[in-house]
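K.L.:
using only what follows, build the 3D model:
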Amino acid sequence: MQFMANCKEDKKRMASKPGILTEWPWTFLGNFKYVVLAPWAIHSTYSYMVKDKNERDLSEFLIFPFLLTRMLHNQIWITLSRYRTAKGSNRIVDKSIEFEQVDRERSWDDQILFNGILFYLGQKYIEGAQHLPWWRTDGVILTVLLHAGPVEFLYYWLHRALHHHFLYTRYHSHHHSSIVTEPITSVIHPFGEHIAYFTLFAIPLLSTVLTRTASIVSFAGYITYIDFMNNMGHCNFEHIPKWIFSAFPPLKYIIYTPSYHSLHHTQFRTNYSLFMPFYDYVYGTMDKSSDSLYESSLVRKEESPDVVHLTHLTTPESIYHLRLGFAYLASEPHKSKWYLWLMWPVTLWSTMVTRIYGRTFTIERNIFKNLKLQTWAIPKYSIQYYMQWQRESINSVIEDAILDAEEKGVKEEGLNRNGEFFVRKHPQLKVKLVDGSSLAVAVVLNSIPKGTTQVVLRGNLSKVAYSLALALCKGGIQVFTMREDEYKKLKEKLSDEAGNNLILSKHNVPKTWLVGDGLSEDDQQKASKGTIFVPFSQFPPKKTRKDCLYNNTPAMLAPKHLENVDSCENWLPRRVMSAWRIAGVLHAMEGWNVHEVGNMMFDIEKIWKASLDHGFRPVTSFAESKAN
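P.N.:
You can find the predicted model right below:
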């Protein structure tokens, strides 16, 4: 479901030579575009509630709920398509989807708003559109015949006209900017083009109204059919079984397949038909490779990755920020959105599902040079990792994921939690487990401003924290701690010489703070104005000081040859990857046949150099907001 709209004017997101009626009328409203539908929705609901039973118009009342179900229908297709194409089974086109396409396809719900307004206007002003019955058999038959005849025929020739240079550059090229399609690509057109399409689809609707044969089912069923076929044709995975066409051969003229329409987006001058390939056969525009692509896509097996990154859900709302969730939210750094509170029934249901579902699921695929990368999500939330009674369940899910990766021949598996337990339990593992601590330490060390001689180390003492303290003290940088228990634990890990640079002090502390989990608001208030907080844990601290700078969690900017990047990793900016995720890629690229889990620590200098050699770069901005 889409709740936001991007009102920025970006020429890359329009046709190459935008024509008249390119912009939607409510573009200027931005995030408030939904108010255009509010008066009709409120009026229809109010009228239904206050009028007498005999005066109520159910057909008018159901318009708004029907629009919501259309949004849900589209979202189900988005999630299914992204899941299937990430796994690779039956995938049709292998090319990448990037942020530009996500941004361009962000306003896919505009056409639903447009249809809703037209439905309300038609219901009010067209005679015979009021008080529709639930069912009329003659109306359903008429709808089917009018779609198969005039609608499909006229659409075919309209579509061919839109591929003429004049119309293509002004309108239809906007749609064809997506070579690799997603379900919602089907409705990404300029406003003027949507007017033409709705005029065609209105032929069966208006005909049944004028002949007094319309019904709620014929209206809702026809629009749902259009949505279903549009989404299916652009989903980029083949799923229509071959036996259907074998059992009834003429069906190939009546219903297209995802691979059939995918060829239209890669070849451009073939397969123009709407949903029925019949007219492509008649007019000789069927692509000759349609059958072969269909068969090859249908038998394509699930992809075996080279590197797997294991992650997990953070908060209950994080399901919406996954790539399988809301595409536009996944394409932005994770931030709390007020309107997600409206989704609490779905959120609650999803938490129940994660408690029942006991396996990881694929959420993303990427290509890095010659490596195939996948990200698998563990259906557990961050808070569950701190619950003693949940540990056995979590370990079981992770162990199954590791053994699954072993069976698939994965080279490296990046863990977001300690994995020493699994190495001890399965000493013959061929897949190497990498927790990425060494690169996280390297990133933090290289994030400290040059010339710094003193830092504060604050937060829970993790493997990364100990390694940071050791590296800094050995390098002659004084490390301040503010708690005696932390001071003693760190002192035990340091040599006498390095230990001289460890200082216990609660006052006059430096302005560079290395912070991990457990940093409280009270701790932050002890920092002086202009302090730089550099996180060394996977979770960023809560920003309570406007007069201080906050760096990202350990991460680096990905090179251009990391492909198929159209989502953000948790709260990180676009095309920025966490050090823990990058480490697994580097181990595979360099062929380092070692684990990095538990107390094992890889060479910090070596992995930092490898990250730079493979095109990763430090995040240049030191903080997301400037100090006052």
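
K.L.:
what's the helix or strand of the chain with the lowest mean pLDDT packed up against?
P.N.:
Ranked by mean pLDDT, DSSP states H and E, the helix or strand of the chain with the weakest confidence is strand 412-414, at a mean of 77. Using 3 or more CB pairs under 8 Å, 6 or more residues apart in numbering; DSSP states H and E, the elements in contact with strand 412-414 are strand 307-312, helix 391-408, strand 432-434, helix 579-590. Every C-beta, even on glycine, is put in place using the N, C-alpha and C of the backbone.

K.L.:
what's the mean pLDDT across the third one?
P.N.:
If I follow you right, that is strand 432-434. Averaged over strand 432-434, pLDDT sits at 93.

K.L.:
next secondary structure after it?
P.N.:
The element immediately downstream of strand 432-434 (helix or strand, assigned by DSSP states H and E) is helix 437-445.

K.L.:
from the chain's centroid, how far away is the next helix or strand after that next one?
P.N.:
Note on helix 437-445: by DSSP H and E, the next helix or strand toward the C-terminus is strand 454-458. Relative to its parent chain, strand 454-458 has a centroid offset of 36 Å by CA atoms, centre = their mean, to the nearest Å.

K.L.:
paired strands for strand 454-458, with orientation please.
P.N.:
strand 478-481 (parallel), strand 512-515 (parallel) (DSSP bridges).

K.L.:
what sits up against the last one?
P.N.:
Going back to what we said before, that points to strand 512-515. Strand 512-515 has contacts (CB atoms under 8 Å, 6 or more residues apart in numbering) with 444, 448-449, 452, 454-459, 465, 468, 527, 531-537, 541.

K.L.:
where does pLDDT dip in this structure?
P.N.:
Residues of the chain that meet the criterion pLDDT under 70 lie in 1-16, 416-418, 620-628.

K.L.:
one step back: for the next helix or strand after the least confident helix or strand of the chain, buried residues please.
P.N.:
Beyond strand 412-414 on the C-terminal side, the first helix or strand identified by DSSP H and E is helix 420-425. Residues of helix 420-425 classed as buried: F422, V423 (neighbour count, 16 or more other CB atoms under 10 Å).

K.L.:
could you dump helix 420-425 to CSV, C-alpha only?
P.N.:
C-alpha atoms of helix 420-425 as CSV (Å, rounded to 0.1, in the frame of the first residue of the first chain):
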residue,chain,number,x,y,z
GLU,A,420,31.5,-19.7,17.2
PHE,A,421,28.9,-22.1,18.5
PHE,A,422,28.2,-23.4,15.0
VAL,A,423,31.9,-23.8,14.1
ARG,A,424,32.4,-26.0,17.2
LYS,A,425,29.3,-28.0,16.5
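
K.L.:
now what about it, what contacts it?
P.N.:
Identification of contacts with helix 420-425 by CB under 8 Å, 6+ apart yields N395, I398, E399, I402, L429, L433, H595, V597, G598, N599, M600.

K.L.:
torsion angles phi and psi at I363?
P.N.:
Main-chain torsions, I363, degrees, to the nearest 10: phi -120, psi -20.

K.L.:
which residues touch it?
P.N.:
Per CB under 8 Å, 6+ apart, neighbours of I363: R82, Y83, A86, T311, L322, R323, L324, T375, W376, A377.

K.L.:
ok, and the most crowded of those residues?
P.N.:
R82 (28 neighbours; other CB atoms under 10 Å).

K.L.:
tell me what the helix or strand containing it is packed against?
P.N.:
Assigned by DSSP H and E, R82 falls within helix 63-87. In terms of contacts (3+ CB pairs under 8 Å, 6+ apart), helix 63-87 is packed against helix 38-50, helix 110-125, helix 216-233, strand 361-368.
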